[in-house]
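*Asks:* Build the 3D model from these lines:
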Amino acid sequence: MAMTTALLCIDMQMGMADRLAAGRPHANPAAEAHVAALMALFRGRGLPVVHVLHDEPGTPFARDLPSGAPMPCAQPLQGETVLWKSRSSAFAGTGLDAHLRQNGIDRLVVIGAVAAFCVTSTVRAASDLGFRVILPGDALLAFDIPAHDGGRIDPETVLRVTLSLLGADFARLVTADQVAELL
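*Replies:* Prediction:
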């Protein structure tokens, strides 16, 4: 039986673009282009695209703020599912699990932001719920983070560790260019 695969785009919102424009250290400078290319691939093949956006009042990621709007590379089209979350995982309180199951989706290609946070929470939850996950690491935004013991951890290291953890047990790691051959 063929798997039904959806593209799941997480938190590609203008608040992320604002971080990038402000010069925040980040990995994957081509992430936005890869996100746009994967959306075009799924749309071109008639496969579902699901958007989950962060809505947290009092932060730049509130749905009623310009910074809460989708980035140009990740604009939902009419008819595509858009869900709003207030927690890290795209499955927490959004109805995403039920939506996917009702539509016969059992495999996800996960893209978006931020690799070590909402993407990680979502990929782990998806795996725990029985979904097969494909993770194109070059279609993820990744930023530097403060280290627990002082200083900062550079974005390339954060992304490398994040992908290593997720790839060890929760997702199949690929590049954006490899996704087409897996559909």
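
*Asks:* and E156, that one's in a helix?
*Replies:* Yes. Secondary structure of E156 (DSSP: H, G, I helix; E, B strand; the rest coil): part of a helix.

*Asks:* measure it to R43 for me?
*Replies:* Distance, E156 to R43, by Cβ to Cβ, to the nearest Å: 31 Å. In this view, the C-beta of every residue, glycine as well, is placed from N, C-alpha and C.

*Asks:* Ok, P66 next?
*Replies:* 25 Å.

*Asks:* More neighbours: which of these two?
*Replies:* R43 (14 against 10; other Cβ atoms under 10 Å).

*Asks:* List the residues that contact the nearest residue to the more buried one once chain neighbours are set aside.
*Replies:* Nearest residue to R43, sequence neighbours excluded (Cβ to Cβ, 6 or more residues apart in numbering): V49, at 6.4 Å. Contact analysis of V49 by Cβ atoms under 8 Å, 6 or more residues apart in numbering lists 6-7, 9, 39, 42-43, 76-77, 80-81.

*Asks:* In strands, which of those residues appear?
*Replies:* In strands, defined here by DSSP state E, the members of these are 6-7, 9, 81.

*Asks:* pLDDT of the helix or strand containing L165, averaged?
*Replies:* Using DSSP states H and E, L165 falls within helix 155-169. Across helix 155-169, the average pLDDT comes to 98.

*Asks:* Does anything pack onto the helix or strand just after it? Which helices or strands?
*Replies:* Once helix 155-169 ends, the next helix or strand along the chain (criterion: DSSP H and E) is strand 172-174. Strand 172-174 is packed against strand 132-136, helix 155-169, with contacts defined by 3 or more Cβ pairs under 8 Å, 6 or more residues apart in numbering; DSSP states H and E.

*Asks:* got these as TSV, with distance to I111 and mean neighbour count columns?
*Replies:* Shown next, in TSV, are the helices and strands packed on strand 172-174 (distance: least, Cβ to Cβ, whole Å; neighbours: other Cβ atoms under 10 Å):
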stretch	distance to I111	mean neighbour count
strand 132-136	6	21
helix 155-169	13	16
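
*Asks:* Let me know which of the ones you listed is the nearest to A180.
*Replies:* strand 132-136 (10.6 Å; Cβ to Cβ).

*Asks:* Now the element after that closest one, going C-ward?
*Replies:* strand 142-143.

*Asks:* What's the mean pLDDT across that next one?
*Replies:* 98.

*Asks:* and if you look at stretch 64-72?
*Replies:* pLDDT averaged over stretch 64-72 gives 97.

*Asks:* now could you export just the CA positions of that stretch as CSV?
*Replies:* C-alpha atoms of stretch 64-72 as CSV (Å, rounded to 0.1, in the frame of the first residue of the first chain):
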residue,chain,number,x,y,z
ASP,A,64,-2.6,39.4,14.6
LEU,A,65,0.9,40.9,14.2
PRO,A,66,2.8,41.5,10.9
SER,A,67,5.6,39.3,12.4
GLY,A,68,3.1,36.5,12.8
ALA,A,69,2.3,36.4,9.1
PRO,A,70,3.7,33.7,6.8
MET,A,71,7.0,34.4,5.1
PRO,A,72,6.8,34.9,1.3
